[in-house]
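A.B. asks: how would this look folded up:
(3 chains)
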Amino acid sequence: VVRHPFESIGFPALPPRPRKAGITSVIDKGAGPNEVNDVIAVAGQWIDVVKLGWGSARLTSPDALRDKLRHYREAGIRVCTGGTLCEIARAQGKVEPFLKAATDLGIDLIEVSNDVHPMTEDETLGLIEQVRRAGFAVWSEVGKKNPAEDAGLRIDERIAACRRELDAGAEKVILEGRESGTVGIDDRRGEPEEEMLDRLASDVGLANLVFEAPHKAQQVWLIRHFGPQVNLGDVPLAEALSLATLRTGLRSDTFADVHTAAAPLDREGPS
Amino acid sequence: VVRHPFESIGFPALPPRPRKAGITSVIDKGAGPNEVNDVIAVAGQWIDVVKLGWGSARLTSPDALRDKLRHYREAGIRVCTGGTLCEIARAQGKVEPFLKAATDLGIDLIEVSNDVHPMTEDETLGLIEQVRRAGFAVWSEVGKKNPAEDAGLRIDERIAACRRELDAGAEKVILEGRESGTVGIDDRRGEPEEEMLDRLASDVGLANLVFEAPHKAQQVWLIRHFGPQVNLGDVPLAEALSLATLRTGLRSDTFADVHTAAAPLDREGPS
Amino acid sequence: VVRHPFESIGFPALPPRPRKAGITSVIDKGAGPNEVNDVIAVAGQWIDVVKLGWGSARLTSPDALRDKLRHYREAGIRVCTGGTLCEIARAQGKVEPFLKAATDLGIDLIEVSNDVHPMTEDETLGLIEQVRRAGFAVWSEVGKKNPAEDAGLRIDERIAACRRELDAGAEKVILEGRESGTVGIDDRRGEPEEEMLDRLASDVGLANLVFEAPHKAQQVWLIRHFGPQVNLGDVPLAEALSLATLRTGLRSDTFADVHTAAAPLDREGPS
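C.D. replies: Reported below is the predicted structural model:
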């Protein structure tokens, strides 16, 4: 183990990977091999999953795509395909060859969303089972991208949908950042719906949920509200290290929360 | 030809480079050689032109500048100087040495704008002809950076100005993204002036226009309104792959537009 | 000396490093070695200081941290630790081992802030002296992150605090960008408090101040108001070259200010 130059400064340790909680999923919108190596070198141990955003993998040049996936794999980071890619495969009747290609690329996690090519709930649960049988873990997305439609979902309906998708084999359920009903807490949208979030966490289980939180304000709110063990997704690749400092109270926004309550100041962190 | 891992997923093919339409011009605000190689590796085939933003080339270290230009050239991407650089050369009476340096650097495209050092229309047309005679292609910018001045331009005046610049030898005319009168469709500015844009497209020719669209919302609006063949400029370097997914319906924002009308779902895309 | 391809285009020269004025301090939020080498290659000569943002250095992997520091040092760029890191060290009673680690890493500049772990003024001045005695230069931050608290500071109190910190040995005093009372000039906050800024500049000395200006609008305002010699901090790493063009009038926002008054158009710049 390499000792850290600043090892004298303690912070509450995050569990090592593979983590059951405090998971960070970053989004890769077209990073090249140099940038991928950068983020791995600086912050690799703080990243659990990288999602290849929407259908971007389809247009990434084959060599660069394989390079990137190899770097992520060697760094112990799981790779997930974007929900839109799977939806388009379904719309084109190409789910089987899509899954075959993902297997060949060494991808082990598939996002199942319900956005550009709508499914009934039975179809969603069937797709989750199909992807599971092909050997993948599944993260499924609950809620609608359309804020008006999403707002129409009652809390108990949303909870029931999460449970059914977990029962069908999803490893985690993703709550979309764009939804007004879940984590709509960016600057333009006002306050998060705290009551709904608390009900989801208590009735579905915080560890089963991944909150999409691309903006720092969302990350801060969720960490302050649920603690460093909250699972966060859609984090920009370049913000992975920043998010790790928020989880551990090494940034002003969360210092007081993390370093005064559960975590004593003198607790030593890992190197 | 290397086959793409996800080749089973089809999308409407973009024409190969050099393209007459569907051109993407990205802006380089000071990228280094590693970042340049990254974007080329991942998305090089989707980029037609890179513009060295405003006067930044003048302060880029000579070695890094030559490195970058070599990488772009080898990747088949045309390089364009920023409009401000040419304007400053003109203000200092240095147009000839400026063009000589551009030739020596292997640059083949010059932006002629009319912003920091105003010209009469005769001077603009004369400069376009001078740059053309020196062996360069020209993209000229119509409109004023000052929103108040720009709003004062009538539609027919703007159309006539575009035509005169094309007649003088400009390869394309650029419509500035900051102008309220053309593509002022970012979040702060409200709706685009659809009538003016349609008149420009029909009377000047869509293929002759480049719309500056640095923001995703602008790109989505323009692609949904004019189709994937619209020429777009000032796209951030890191967003080149994202824009290609918008053009091909591989992102939720344009999926329904691209994949239901002109382009059938089962059309195979290029590897 | 390598001659610049565009050497015919003149601009008002900035003094070479080490500079007494016109200092640019960029913030590194977790850049990797490739990105660090990129910014050095393109814009190294325009960067005076890089600050390792808040406590991010504590979570950066040891190898990547040493790599980055070596690259910065070889490029003649001073490295500064984030204010939050020093505050956490103080909160944990670990100032001495923190300074020892900084010495071992070749860091020569420490930011002393008063934000997450409040100090009395006597404690602040004592800490500045302690850090100075350990062989470091100090940049100390005056003002409060909390806008309400900050607004409560009268101008003469703020000036007196700056003077006392400089008397205690601080090399520069940092005026925080987030403060409404100083440079609160980003889009959301309205106009800067011009009177306070002018009083600070005249009574404390412009060369003794570093204005945090992460947003371009802030940089433009400060350069237009105080001139290119204003010291600016918290500049995003990727914006270092852009800021240099603003200082030298090679971008439209400052062209008229820089190229018509103090600096004649025909003045030659350095290669």
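
A.B. asks: so where do the strands sit in the stretch 151-271 of chain A?
C.D. replies: Ranges of strands in the stretch 151-271 of chain A, per DSSP state E, counting those that start in this stretch, are A:172-175, A:209-212, A:232-236.

A.B. asks: are the longest one and chain B in contact anywhere?
C.D. replies: No. Contact of strand A:232-236 with chain B is not found when judged by C-beta under 8 Å from any C-beta of the partner chain; the minimum separation is 10.4 Å. (Each C-beta comes from the backbone N, C-alpha and C, glycine too.)

A.B. asks: by contact count, what packs against that strand?
C.D. replies: strand A:24-28, strand A:49-52, strand A:209-212, helix A:216-226 (3 or more C-beta pairs under 8 Å, 6 or more residues apart in numbering or on different chains; DSSP states H and E).

A.B. asks: please repeat the previous calculation with a cut-off of 6 Å.
C.D. replies: For strand A:232-236, the elements it packs on are strand A:24-28, strand A:209-212, judged by 3 or more C-beta pairs under 6 Å, 6 or more residues apart in numbering or on different chains; DSSP states H and E.

A.B. asks: that strand pairs with which strands, parallel or anti?
C.D. replies: Note on strand A:232-236: by DSSP bridges, its sheet partners are strand A:24-28 (parallel), strand A:209-212 (parallel).

A.B. asks: and the next element down the chain from the longest one?
C.D. replies: So that's strand A:24-28. Where DSSP states H and E defines the elements, the next helix or strand beyond strand A:24-28 is helix A:33-43.

A.B. asks: same for that next one, what does it pack against?
C.D. replies: In terms of contacts (3+ C-beta pairs under 6 Å, 6+ apart), helix A:33-43 is packed against helix A:62-74, helix A:240-247, helix B:33-43, helix C:33-43.

A.B. asks: those helices into a markdown table, with extra columns for mean neighbour count?
C.D. replies: Formatted as a markdown table, these follow (neighbours: other C-beta atoms under 10 Å in any protein chain shown):
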| stretch | mean neighbour count |
| --- | --- |
| helix A:62-74 | 18 |
| helix A:240-247 | 26 |
| helix B:33-43 | 24 |
| helix C:33-43 | 24 |
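
A.B. asks: ok, which of the ones you listed comes nearest residue C:108?
C.D. replies: Closest to residue C:108 of those, according to C-beta to C-beta: helix C:33-43, at 17.6 Å.

A.B. asks: average pLDDT for the closest one, rounded please.
C.D. replies: Mean per-residue pLDDT for helix C:33-43: 98.

A.B. asks: by mean pLDDT, show me the worst of the helices and strands packed on strand A:232-236.
C.D. replies: The minimum mean pLDDT among these belongs to strand A:209-212 (a mean of 94).

A.B. asks: buried ones in that strand?
C.D. replies: Judged by neighbour count using 16 or more other C-beta atoms under 10 Å in any protein chain shown, the buried positions of strand A:209-212 are A:209-212.

A.B. asks: may I have it exported as PDB, CA atoms only?
C.D. replies: Taking Å, rounded to 0.1, in the frame of the first residue of the first chain, the C-alpha atoms of strand A:209-212 are listed here in PDB:
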ATOM      1  CA  LEU A 209     -31.800   3.300  -5.300                       C
ATOM      2  CA  VAL A 210     -29.400   5.300  -7.500                       C
ATOM      3  CA  PHE A 211     -30.200   9.100  -7.700                       C
ATOM      4  CA  GLU A 212     -29.200  10.800 -10.800                       C
END
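
A.B. asks: before we move on, what SS does residue A:116 have?
C.D. replies: Secondary structure for residue A:116, judged by DSSP: H, G, I helix; E, B strand; the rest coil, is coil.

A.B. asks: and the residue nearest the centre of chain A?
C.D. replies: Against the mean C-alpha coordinate of chain A, by C-alpha atoms, centre = their mean, the closest residue is residue A:233 at 2.8 Å.

A.B. asks: count the neighbours of the residue of the stretch 51-200 of chain A found nearest chain B for me.
C.D. replies: Nearest residue of the stretch 51-200 of chain A to chain B: residue A:55, at 3.0 Å (C-beta to the nearest C-beta). Number of residues near residue A:55 (other C-beta atoms under 10 Å in any protein chain shown) recorded here: 30.

A.B. asks: identify the residue nearest it in space, chain neighbours excluded?
C.D. replies: residue B:250 (3.0 Å; C-beta to C-beta, 6 or more residues apart in numbering or on different chains).

A.B. asks: does that neighbour really touch residue A:56, like I thought?
C.D. replies: No. Under the criterion of C-beta atoms under 6 Å, residue B:250 is not in contact with residue A:56, lying 7.2 Å apart.

A.B. asks: follow-up on the earlier one: which of the helices and strands packed on helix A:33-43 sits closest to residue C:17?
C.D. replies: helix C:33-43 (12.4 Å).

A.B. asks: can you pull out the residues in contact with stretch A:226-245?
C.D. replies: A:21-28, A:31, A:39, A:42-43, A:46-47, A:177, A:210-214, A:219, A:222, A:247, A:251, C:29-30, C:55-56, C:59 (C-beta atoms under 6 Å, 6 or more residues apart in numbering or on different chains).

A.B. asks: restricted to buried residues, select these in PyMOL.
C.D. replies: A single PyMOL command selects the buried members of the contacts of stretch A:226-245 (16+ other C-beta under 10 Å):
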select buried, (chain A and resi 22+23+24+25+26+27+28+31+39+42+43+46+47+177+210+211+212+213+214+219+222+247+251) or (chain C and resi 29+30+55+56+59)
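
A.B. asks: thanks again, I'm all set now.
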